[in-house]
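In: Generate coordinates for the sequence data below:
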Amino acid sequence: MSDPDTWTNIDDAEFLTMVGPLQRNHVGGGTGRFRFLAEPKHRNRNGVVQGGMLMTFADRSLGMTAAQDRPGRRQATVQLDMHFVSAAPIGRHIEMDCKVVRETRNLVFVEGTLHSGGRVVATAKGLWAILVAGDEPPVPGGITPAG
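Out: Numbering: from 1, shown residues only. Got it, this is the predicted structure:
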């Protein structure tokens, strides 16, 4: 397992560059540990982290845990369930501990807990489809915009 004090930035592109930087401490062996610093750009009208940011963070963290040490494997989020437990403060790190619950030939079940300062912020569970050649691309390359 990684040093609990060593965090590295995740090299993201497109949409995720607007919400990050996201960091990881560990991914492998069926688990993952991630975080981001809640900045003013993540604030909602109530002065805490916007729920959509927490969902984006959960989606990315659970997805990376689902992929584990399989570079190049294509997968797509099929379902993401989120339960908000308490407010996430601006100016603090929001961390997520994730684990693979089960993996089949076509699906990966993953769950995790978001926390900050020892307090649970949210819980999340997700389901990822493992894509094979011929599946629809998970990115807009094959999608025709409406209108």
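In: Tell me who's in contact with Met82.
Out: Neighbour list for Met82: 51, 54-55, 58, 122-124 [criterion: C-beta atoms under 8 Å, 6 or more residues apart in numbering]. The way it works is simple: take the backbone N, C-alpha and C, and place the C-beta from them, glycine included.
In: Where do the helices of the chain begin and end?
Out: Ranges of helices in the chain, per DSSP state H, are 16-19, 51-67.
In: how about the last one: buried residues?
Out: What that stands for is helix 51-67. By neighbour count, with 16 or more other C-beta atoms under 10 Å as the criterion, the buried positions of helix 51-67 are 53-67.
In: chain center to that helix: distance?
Out: Relative to its chain's centre, helix 51-67 lies at 2 Å (C-alpha atoms, centre = their mean, to the nearest Å).
In: what's the answer for stretch 24-38, then?
Out: The chain centre lies 9 Å from the centre of stretch 24-38; the measure is C-alpha atoms, centre = their mean.
In: if we look at that stretch, which residues are touching it?
Out: Under C-beta under 8 Å, 6+ apart, the answer for stretch 24-38 is 1-4, 6-8, 10, 19-23, 49, 57, 60-62, 64-65, 68-69, 88-100, 112, 116.
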